[in-house]
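Q: just to be clear, the model below is a prediction. Sequence and coordinates:
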Protein chains: 2
Amino acid sequence: MKMKLGARNCLYPLPTTLVGANVNGKPNYSTVAHVGIMDPGSVSLGMNKVHYTNIGIKKNKTFSVNLPSVDMVIITDYCGIMSGKKVNKAELFENFYGTLETAPMIKECPINMECRLIQTVDFPSHDVFVGEVVETYCDERILTDGVVDFSKVQPIFFVMNDRSYWKLGERLAKAWNIGKEFKSH
Amino acid sequence: MKMKLGARNCLYPLPTTLVGANVNGKPNYSTVAHVGIMDPGSVSLGMNKVHYTNIGIKKNKTFSVNLPSVDMVIITDYCGIMSGKKVNKAELFENFYGTLETAPMIKECPINMECRLIQTVDFPSHDVFVGEVVETYCDERILTDGVVDFSKVQPIFFVMNDRSYWKLGERLAKAWNIGKEFKSH
């Protein structure tokens, strides 16, 4: 039986990311899971306007999206609890820069995307930053036959409904393929 | 060692959804995994302009987001392979309507969100539809203590990198909580 839950967002689980930007000349990172893909080459970040990181994204027009692994869940959550206004998050990680020069990335994260800000969608309480992915870095160990293997990345998913992080399970099927087995009734 | 992959989008895995709209007076569904959350009450859908479903979303200013379970992977992929221009997808599911009256939903999916179109972000090849969640429906069996339990939903994740669907793993930790265990070096 269907139940009504009210206007409850259930578009979860979503990948938990650490979004990087230089703020006042120093790397800062914010934990962001209200993310998405808009077209194949771009990412969106729904970030509450209170975040310290937003200042740097607006100023530099660049940011990074770093994917932490499950073994980084404590520090990832810590970056979501503590504001860069109070804590120097540059000291938490080994930082590196790439092509864009102003988007700090986290060496400990197995995947890092450097992004150029191409659009900002304004919501009452949120800045939605849309970035074009300019360059992607990864640890060689997470590739299988040259392709990113998420069973090796071990991403952290976020669910708002139970305010929890979740792990990835196993590979289920090939896309644009398993559907060929469909037989109408 | 960090490797460069070029400008490769790695913001995966993302939840695979079946997006519903009435097109020419009939329910149609499109498989969409380029999704996201912009602010807590809204969802975004990055949909290639070739999709038949886009016509209905633009006309009615409403759509639904339905979350299929892993046991629906064949029909979910089938809806991504076949266009509503050629196949009557209304016949594939038991359809129902809610508050908005023009957003068809899929009874077989454990979660259904009715959305009102509030903004469209235009990309060269994609319409990015931003919707406000107006009402959410779910199967009673996927709740635990009144909260949506994704271990019962069994969502289907999509990864573009290996063109595969993936399953959800186990719960890892509490958000805004596990980070309190962090001790700086």
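A: Received it, and whenever you're ready, just let me know what you need.
Q: please make it C-alpha for all contacts and neighbour counts, starting now.
A: Noted.
Q: which residues touch the lengthiest strand in chain A?
A: Among all segments of chain A classified by DSSP state E, the strand with the greatest residue count is strand A:126-139. Contacts to strand A:126-139, defined as Cα atoms under 8 Å, 6 or more residues apart in numbering or on different chains, come from residues A:41-49, A:54, A:62-63, A:98-99, A:110-122, B:1-9, B:38-39.
Q: what about residue A:58, neighbour count?
A: One way to gauge burial is a neighbour count; for residue A:58, by other Cα atoms under 10 Å in any protein chain shown, it gives 16.
Q: which of the helices or strands spans it?
A: Taking DSSP states H and E as the definition, one finds residue A:58 inside helix A:53-60.
Q: elements contacting that helix?
A: Helix A:53-60 is packed against strand A:17-23, strand A:26-32, with contacts defined by 3 or more Cα pairs under 8 Å, 6 or more residues apart in numbering or on different chains; DSSP states H and E.
Q: hmm, who's touching that helix?
A: By Cα under 8 Å, 6+ apart, the surrounding residues in contact with helix A:53-60 are A:19-24, A:28-30, A:47, A:63, A:84, A:102, A:117, A:127.
Q: what's the closest of the residues you listed to chain B?
A: When these are ranked by distance to chain B (Cα to the nearest Cα), residue A:47 comes first, at 7.5 Å.
Q: that older thread, Provide a PyMOL selection command restricted to the buried entries of the contacts of helix A:53-60.
A: One line in PyMOL is enough to select the buried members of the contacts of helix A:53-60, burial here meaning 16 or more other Cα atoms under 10 Å in any protein chain shown:
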select buried, chain A and resi 19+20+21+22+23+28+29+30+47+63+84+102+117+127
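Q: determine which two of the contacts of helix A:53-60 are furthest apart.
A: In the contacts of helix A:53-60, two members sit farther apart than any others by Cα to Cα. They are A:84 and A:117, at 20.7 Å.
Q: next one: residue A:115 relative to residue A:3, how far apart?
A: With distances taken as Cα to Cα, to the nearest Å, residue A:115 is found 41 Å from residue A:3.
Q: the more surrounded of those two?
A: residue A:115 (26 against 12).
Q: and residue A:166, what does it touch?
A: For residue A:166, the set of contacting residues under the criterion of Cα under 8 Å, 6+ apart consists of A:13, A:156-159, B:168-173.
Q: can you list those in JSON lines and add pLDDT, secondary structure and neighbour count?
A: As requested, those are arranged in JSON lines below (pLDDT from 0 to 100; DSSP: H, G, I helix; E, B strand; the rest coil; neighbours: other Cα atoms under 10 Å in any protein chain shown):
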{"residue": "A:13", "pLDDT": "98", "secondary structure": "coil", "neighbour count": "26"}
{"residue": "A:156", "pLDDT": "98", "secondary structure": "coil", "neighbour count": "27"}
{"residue": "A:157", "pLDDT": "98", "secondary structure": "strand", "neighbour count": "25"}
{"residue": "A:158", "pLDDT": "98", "secondary structure": "strand", "neighbour count": "26"}
{"residue": "A:159", "pLDDT": "98", "secondary structure": "strand", "neighbour count": "24"}
{"residue": "B:168", "pLDDT": "98", "secondary structure": "strand", "neighbour count": "24"}
{"residue": "B:169", "pLDDT": "98", "secondary structure": "strand", "neighbour count": "15"}
{"residue": "B:170", "pLDDT": "98", "secondary structure": "strand", "neighbour count": "12"}
{"residue": "B:171", "pLDDT": "98", "secondary structure": "strand", "neighbour count": "17"}
{"residue": "B:172", "pLDDT": "98", "secondary structure": "strand", "neighbour count": "17"}
{"residue": "B:173", "pLDDT": "98", "secondary structure": "strand", "neighbour count": "20"}
